[in-house]
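*Asks:* here is my input, please return the structure:
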Amino acid sequence: ENTFDIPTNGPFSMEVWLYVTYTNPSWGIFIYANPNDDNFQFSHTASGTFDLRYAGGSAIGTPFTVPIYSWQHIVVTRDSSGWIRQFLNGVLKNYNQKTNSVLRDFVTFGSRNGGNDYYGYMSDLRWVNGSIPTEYQTTETTGGVLVFTPPTAPLTKTSDSRVLLNFTDGAVIDNSGKAN
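*Replies:* Below is the predicted model of the structure:
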């Protein structure tokens with residue numbers, strides 16, 4: 001099993017705390033791709049919006065503003081029926097269906113295909129494949145609704161955690177134990 005495999009209709013979640021200090025056009029926060037296509041991409045645009053692209057397509061849902069110079073918690077989940085939810089600080093921003101599997105050749109954090117670097121800080125990046133952590137499971141479909149309160153303590157490993165990067169003490173250690 002590959003760390004970042006995304007099967008068709010399989011549930012997963014990706015979350016990260018961001019502190020953006022500068023907006024660079026089309027910079028990448030998380031890229032999961034093959035050399036010819038950005039298959040799964042969290043990115044931020046020069047206009048200050050968060051953009052999720054999946055399986056080589058256009059943005060999923062409506063890009064939304066992510067404030068700079070303050071910590072922001074972003075979560076993306078997909079349930080077993082292919083419904084993707086995007087959250088900013090616990091508020092549901094988008095709800096769309098996408099059931100494609102994703103082919104992966106490489107994964108990057110903080111850069112988009114070797115350029116367009118992310119400027120700021122990241123903390124508690126967690127990729128969970130095969131389930132959605134209990135605190136993010138919901139049937140809510142209405143944008144603008146507070147679904148959960150963002151965590152206040154460092155994230156912990158779940159049984160389906162593939163990567164857990166807490167970025168503590170100036171080190172990048174995969175606390176899931178899967179990629180050390």
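
*Asks:* quick one: the helices in the protein?
*Replies:* Using DSSP state H, the chain contains no helices.

*Asks:* low-confidence ranges, it, go.
*Replies:* Scanning the chain for pLDDT under 70 picks out the ranges 1-9, 24-39, 45-46, 54-57, 99-108, 110-116, 168-180.

*Asks:* need the strands for it, in chain order.
*Replies:* If you assign secondary structure with DSSP state E, the strands in the chain sit at 12-22, 27-34, 37-44, 49-54, 64-65, 71-78, 83-88, 91-97, 106-109, 119-129, 161-165.

*Asks:* out of those strands, which gets nearest to Thr142?
*Replies:* Closest to Thr142 of these, according to CB to CB: strand 91-97, at 6.8 Å. Every residue, glycine included, has its C-beta placed from N, CA and C.

*Asks:* identify each buried residue in that closest one, please.
*Replies:* Val91, Leu92, Lys93, Asn94, Tyr95, Asn96 (16 or more other CB atoms under 10 Å).

*Asks:* repeat for stretch 141-151
*Replies:* Neighbour count says stretch 141-151 has Val147, Phe148, Pro150, Pro151 buried, by 16+ other CB under 10 Å.

*Asks:* residues in contact with it: which ones?
*Replies:* If you take CB atoms under 8 Å, 6 or more residues apart in numbering as the criterion, stretch 141-151 is touched by 73, 87, 89-95, 124, 135-136, 138, 140.

*Asks:* pull the most distant pair out of these.
*Replies:* Using CB to CB, the two most remote members of the contacts of stretch 141-151 are Tyr95 and Asp124, lying 23.6 Å apart.

*Asks:* redo the buried residues of strand 91-97 as a markdown table? Include distance to Ser43.
*Replies:* Conversion of the buried residues of strand 91-97 to a markdown table gives the following (distance: CB to CB, whole Å):
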| residue | distance to Ser43 |
| --- | --- |
| Val91 | 20 |
| Leu92 | 20 |
| Lys93 | 15 |
| Asn94 | 15 |
| Tyr95 | 20 |
| Asn96 | 17 |
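
*Asks:* tell me how far Arg126 lies from Gly48.
*Replies:* Using CB to CB, to the nearest Å, Arg126 is found at 24 Å from Gly48.

*Asks:* which one of these two is surrounded by more residues?
*Replies:* Between Arg126 and Gly48, counting by other CB atoms under 10 Å, Arg126 is the more crowded of the two (23 against 14).

*Asks:* one step back: Thr65: which of the buried residues of strand 91-97 is nearest?
*Replies:* For the buried residues of strand 91-97, the closest approach to Thr65 (CB to CB) belongs to Lys93, at 9.6 Å.

*Asks:* kind regards, and thank you for your time.
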